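> Make a model of this:
(one chain, ligands or ions: 1)
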Amino acid sequence: MRKQILILCTALLALCACQHKVSKFEYTVDKFYDLEILRYDVPDFDSLTLQQKSLLYCLSEAALWGRDILFDQNGRYNLRIRRACEELYLNYPFDKGTPEFEAFERYLKRVWFSNGIHHHYSEDKFLPEFDKEWFILACDAAGVVYDDDILPVMFDPTVMSKRMTAQDGIDLVANSAGNYYGPGVTQAEAEAWYAAHKDDSAEPLWIGLNSQLVKNEKGEIEERVYKVGGLYGEALEKVVYWLSEALRYAENDQQREVLEKLIKFNETGDLRLFNEYCIAWVKDLDSRVDFVNGFTETYSDPLGITGTWESMVNFKDLKATHRTQLISDNAQWFEDHSTTDPKYKKEEVKGVTAKVITAAILAGDCYPATPIGINLPNANWIRKEYGSKSVTIDNLMHAYNEAAKGNGFNEEFMVDDEIRNLYEQYGALCGDLHTDLHECVGHGSGKMMPGVTKDALREHASTIEEARADLFGLYYLADPKLVELGLLPNMEAYKAGYYQQLMNGLMTQLVRIEPGKDIEEAHMRNRQLIANWCYQHASGEMELIERDGKHYLQVNDYEGVRGLFGKLLAEIQRIVSEGDYAAAKEMVETYAVKVNPDLHKEVLARYEKLNLAPYKGFVNPVYHVERNAAGEITNVTLDFSEGYIEQHLRYSRDYSPLPSVN
Ligand code: ZN
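Here you go, the predicted structure:
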């Protein structure tokens, strides 16, 4: 069951092609399979003080040193496979222009992208397009020594075929290739262990957040804690070193406390310190520089308990923060005026802070694929007592939008020029606002009935929670309040956002799904749930029309669609507040999982002709530091010229402290 709801959401704007101001910055870096690598600009970096730049630099080092951890969490053979492949890549003695070597290079690029051998999004294992014999001979010729166990893991489609299994009725732990549980541990054993160690106090420790469960020689379950001197200690030592360096450049006492608590937590693994760190972090609102570094989101653990390592270092975008501040300031108004039953509303919405940030380094589970919004911490009691921080990451959104310009997508899938023009004018703005509403007020809205926890919705909790936040945002996107607040220029603009959401949920997000497969990922399920529910319940507000054998969404009554969003929001809030598992299951299974095979086929065919990549990821800027004779930092500059392969090879060379077997 999913203990914690997702809070780091990927609104994944990869499918939108919005207009932005022209820039000379080169956004696209590389393209392979279904992936496109972009670079992001870091605007306003030069306006920061030397102290802030130095802080960013130290935190970026702390971020990069954790890279190996994620590879190992994603699968216990990943580091062995990555290292063998990198060594072969560097030492291959023959012509690199052959189809086999090119296939091998694509495979390695994919391993880097996924931080392992399973697709970052579908979680299915991807197979090499070169054969095992070629690999063995090439390694021999290049003098690469590797563990034979990696061969079936790489080449046999039946071995570790899924990183995470979410299928009902089978052992989720035993059938997932992720490394949150050691060999032989079953779901029942892991659940029994968590149940026996669960902390039911008012300020509970998140037992299992920072550990792997393994079976010892006697067959008992044991916890291996992620900490200095424990599991992943070699990497966490480096992280701690750079967090300690960062302390020297802290902007204020609150930020200093954040760093100190996190350092101690990494050193001890003591979850009490993790709670203290989270609280200190929520309270740090004044610093310009901020960061996430550690075991954070729990989507990749099939039982939703253990955190996946990630880091994102950032600084406040002062201008754009004004936008989310306005939304956040009106949180209570939004809560009071939503369509949900008054008994499910919060009397007092508190602790919704909102800001727009500029990402300065991405690492772990935020790299190369990355969320465009963050809402942390994940512990509900801390959110309730102390609030949470919610951010949108504008420079990444901007990179997505720039890279998607003029790619033909809207021409292919949008029904007419009217909506295309509206979308070109307001699409990016609507996307920003929807994300802001989702993150700043959507997740924080509503309350649970006494005795109900979010655990109640079990495997459907993530999908339902995302739908709740999305619907909250969609409902208000069309509210005159946004025009009144000056966030939207008129009452036409929101239509661009509505159209895009419905088109994506009904049709175009299917480009991410292989033929014959169901939708499994929670955000995608949520989007189809909303669009499909509205489509099924519409009486003329929206329809799918056919033209020359192609289907298009046509919206006839936007105000009516808003009514449908409002109705569904009320029901989803009821399901969450009441913990109505049966209704959640019915809702998800009816609207969110199954795909219309004919429409799917058509969308894939139309999309393929555009030759676009459905998933995007990033390369980071390179930090250059100048120091004086005393070793003090005198200047920090960013360099954006590094390519995708160069970056990963450099990271593996310079930031790879873990042994291959952990
Ligand atoms: Zn979300």
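
> Can you list the residue ranges for strands in this protein?
Secondary structure of the chain, counting by DSSP state E: strands at 28-32, 35-39, 211-215, 221-225, 289-297, 308-316, 352-364, 373-376, 388-393, 542-547, 550-555, 615-619, 622-627, 633-639.

> okay, those in JSON lines with mean neighbour count, mean pLDDT and distance to A582 next?
For glycine as for every other residue, the C-beta is placed from the backbone atoms N, C-alpha and C. What follows is the strands of the chain, written out as JSON lines (neighbours: other Cβ atoms under 10 Å; pLDDT from 0 to 100; distance: least, Cβ to Cβ, whole Å):
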{"stretch": "strand 28-32", "mean neighbour count": "16", "mean pLDDT": "94", "distance to A582": "44"}
{"stretch": "strand 35-39", "mean neighbour count": "23", "mean pLDDT": "96", "distance to A582": "39"}
{"stretch": "strand 211-215", "mean neighbour count": "20", "mean pLDDT": "98", "distance to A582": "30"}
{"stretch": "strand 221-225", "mean neighbour count": "17", "mean pLDDT": "98", "distance to A582": "31"}
{"stretch": "strand 289-297", "mean neighbour count": "24", "mean pLDDT": "97", "distance to A582": "27"}
{"stretch": "strand 308-316", "mean neighbour count": "25", "mean pLDDT": "97", "distance to A582": "30"}
{"stretch": "strand 352-364", "mean neighbour count": "24", "mean pLDDT": "87", "distance to A582": "31"}
{"stretch": "strand 373-376", "mean neighbour count": "24", "mean pLDDT": "86", "distance to A582": "28"}
{"stretch": "strand 388-393", "mean neighbour count": "26", "mean pLDDT": "84", "distance to A582": "30"}
{"stretch": "strand 542-547", "mean neighbour count": "13", "mean pLDDT": "97", "distance to A582": "28"}
{"stretch": "strand 550-555", "mean neighbour count": "18", "mean pLDDT": "98", "distance to A582": "31"}
{"stretch": "strand 615-619", "mean neighbour count": "22", "mean pLDDT": "96", "distance to A582": "34"}
{"stretch": "strand 622-627", "mean neighbour count": "13", "mean pLDDT": "98", "distance to A582": "52"}
{"stretch": "strand 633-639", "mean neighbour count": "15", "mean pLDDT": "97", "distance to A582": "52"}
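
> List the contacts of the nearest residue to E223 once chain neighbours are set aside.
Distances taken as Cβ to Cβ, 6 or more residues apart in numbering put S211 closest to E223, at 4.6 Å, once the chain neighbours are dropped. For S211, the contact set (Cβ atoms under 8 Å, 6 or more residues apart in numbering) comprises E223, R224, V225, Y226, L231, G269, T306.

> which one of those residues sits closest to the ion?
If you rank these by distance to the ion using Cβ to the ion, T306 comes first, at 19.9 Å.

> Just the pLDDT at that closest one, thanks.
With respect to pLDDT, T306 scores 97.

> quick one: D436 and I393 touch, right?
No: if you go by Cβ atoms under 8 Å, D436 and I393 don't touch, sitting 11.5 Å apart.

> ok, L553 to the ion distance?
24 Å (Cβ to the ion, to the nearest Å).

> How about H337?
Taking Cβ to the ion as the measure, H337 falls 21 Å from the ion.

> what does T268 give?
Noted for T268: a distance of 31 Å to the ion, by Cβ to the ion.

> do the same with P342
With Cβ to the ion as the criterion, P342 and the ion are 24 Å apart.

> Neighbours of that residue, how many?
8 (other Cβ atoms under 10 Å).

> Kindly report the same for L90.
For L90, the neighbour count with other Cβ under 10 Å is 12.

> show me what contacts it?
Contact partners of L90, counting by Cβ under 8 Å, 6+ apart, are L649.

> try 10 Å this time
Neighbour list for L90: A142, V144, L649, S652, R653 [criterion: Cβ atoms under 10 Å, 6 or more residues apart in numbering].

> next one: N395
40-44, 314, 317, 320, 356-360.

> Can I get the residues you listed in JSON lines including distance to the ion?
Putting those into JSON lines (distance: Cβ to the ion, whole Å) gives the following:
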{"residue": "Y40", "distance to the ion": "21"}
{"residue": "D41", "distance to the ion": "25"}
{"residue": "V42", "distance to the ion": "25"}
{"residue": "P43", "distance to the ion": "25"}
{"residue": "D44", "distance to the ion": "27"}
{"residue": "N314", "distance to the ion": "18"}
{"residue": "D317", "distance to the ion": "20"}
{"residue": "A320", "distance to the ion": "19"}
{"residue": "V356", "distance to the ion": "16"}
{"residue": "I357", "distance to the ion": "16"}
{"residue": "T358", "distance to the ion": "21"}
{"residue": "A359", "distance to the ion": "18"}
{"residue": "A360", "distance to the ion": "23"}
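
> so how far is E203 from K384?
Going from K384 to E203 by Cβ to Cβ, to the nearest Å gives 11 Å.

> now swap in P377 and tell me
As for P377, its distance to E203 is 13 Å (criterion: Cβ to Cβ).

> what do you get for L59?
L59 sits at a distance of 28 Å from E203 (criterion: Cβ to Cβ).

> Kindly provide the distance from S388 to I374.
In this structure, S388 and I374 are 10 Å apart, going by Cβ to Cβ.

> Give me the neighbour count for I170.
The burial count assigned to I170 is 12, neighbours taken as other Cβ under 10 Å.

> Enumerate every residue touching it.
Applying Cβ under 10 Å, 6+ apart, we find I170 in contact with S176, Q187.

> Same check on W65?
The contact partners of W65, taken as Cβ under 10 Å, 6+ apart, are 234-243, 293, 311, 363, 651, 654-658.
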